[in-house]
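[1] Need the 3D shape of this:
(one chain, ligands or ions: 2)
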Amino acid sequence: MAVESSARETGQARLPTRWGTFRIHGFQADNGGEHVALVMGDPAAAEAPLVRVHSECLTGDALFSQRCDCGPQLEAAMQRIGEAGEGVLVYLRQEGRGIGLLNKIRAYGVQDEAGADTVEANEVLGFAADARDYGVAASMLGALGVTAVRLMTNNPAKVEGLEAAGVRVIERLPLLAGRNPHNHAYLETKAAKFGHHFEP
Ligand SMILES: Nc1nc2c(ncn2[C@@H]2O[C@H](COP(=O)(O)OP(=O)(O)OP(=O)(O)O)[C@@H](O)[C@H]2O)c(=O)[nH]1
Ligand SMILES: [Zn+2]
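    Numbering: from 1, shown residues only. Ligands and ions are numbered 1, 2, ... in the order given. Predicted coordinates:
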């Protein structure tokens, strides 16, 4: 995926959900990528609003896959923003840690057939273990008037990536949801190889 460094807003609308009514803002990245941000309250006026930067996972977010923890994390983040009455969910279309949906499915196949873990499978296919870039997320937050955040994530590379892109991460808030027998080994690999924090 070509590196995306900035995005411009293309339109916005009401988005009622189970957790309250957000405004959905559409963004187009400089390489044509399409991303959205769900906004509740007036995060631009807050010192450091609650923010989730969520990487697209069609299988987990929309198709109820239990191979990962993405769907329950997405729900938990939206619930927490709804309870707070203020915050931003940046939904980044960086499927499969940036390699895309079809390559992620190939990587799942390598995991199933060759016993590779999530990192090894990407490497077998010639990809970086994590090909994501957070420049576009920083650009979207900036367009929404947000420069400092309380970030819901377990991933230290996401904190570093956002800070390198100019977002001040005041606090990291754990987002523990959706552990199950099918994703246990995947989550252990994330902790061992990417340093994800899974302590409560
Ligand atoms: N290439 C690849 N991508 C995967 C795999 N499993 C999940 N993903 C993708 O990984 C991304 C989510 O990354 P995670 O590492 O689970 O979580 P994170 O966003 O880095 O960290 P959190 O903020 O704590 O959720 C989504 O884009 C998923 O589609 C896999 O086995 N291979
Ligand atoms: Zn997932």
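
[2] most centrally placed residue in the chain?
    H54 (1.8 Å; C-alpha atoms, centre = their mean).

[3] That one contacts Q73, doesn't it?
    Yes. If you go by C-beta atoms under 8 Å, H54 and Q73 touch, sitting 7.1 Å apart. Heads up, the C-betas are built off the backbone N, CA and C, glycines and all.

[4] quick one: is the helix or strand that contains the residue nearest to the centre of the chain near ligand 2?
    With the criterion set as DSSP states H and E, the secondary-structure element containing H54 is strand 50-55. No. Strand 50-55 is not in contact with ligand 2 by C-beta under 5 Å from the ion; minimum separation 8.1 Å.

[5] helix or strand right after that strand?
    Beyond strand 50-55 on the C-terminal side, the first helix or strand identified by DSSP H and E is helix 70-84.

[6] Who are the packing partners of the next helix or strand after that next one?
    Using DSSP H and E, the next helix or strand after helix 70-84 towards the C-terminus is strand 87-92. Under the contact definition 3 or more C-beta pairs under 8 Å, 6 or more residues apart in numbering; DSSP states H and E, strand 87-92 sits against strand 34-40, strand 50-55, helix 70-84, helix 135-143.

[7] Residues touching the first one, excluding its own?
    Translated: strand 34-40. 7, 15, 17, 20-29, 78, 81-82, 84-93, 136-137, 140-141, 144 (C-beta atoms under 8 Å, 6 or more residues apart in numbering).

[8] Quick check: buried residues in that strand?
    Taking 16 or more other C-beta atoms under 10 Å as the basis for neighbour counts, the residues of strand 34-40 that come out buried are H35, V36, A37, L38, V39, M40.

[9] same thing with the longest one?
    Within helix 70-84, the residues scored as buried using 16+ other C-beta under 10 Å are 70-78, 80-82, 84.

[10] Get me the contact residues on the chain for ligand 1.
    Counting by C-beta under 6 Å from any ligand atom, the residues of the chain close to ligand 1 are 55-57, 68, 70, 73, 94-97, 99, 104, 107-108, 118, 122, 153-155, 158, 175, 190, 196.

[11] rerun that using 5 Å as the cut-off
    Applying C-beta under 5 Å from any ligand atom, we find that the chain lies next to ligand 1 at S55, C57, C68, G96, R97, K104, A107, T118, T153, N154, N155.

[12] Pick out the most distant pair among those residues.
    With distance counted by C-beta to C-beta, no two of the residues of the chain next to ligand 1 lie farther apart than A107 and T153, which are 21.7 Å apart.

[13] how much space between R150 and S6?
    Applying C-beta to C-beta, to the nearest Å, the value for R150 to S6 is 24 Å.

[14] got it, and T118?
    When distance is defined by C-beta to C-beta, T118 is 30 Å away from S6.

[15] Neighbour count for these two, which is higher?
    Residue environment comparison for T118 versus S6 gives the larger neighbour count to T118, 23 against 16, counting by other C-beta atoms under 10 Å.
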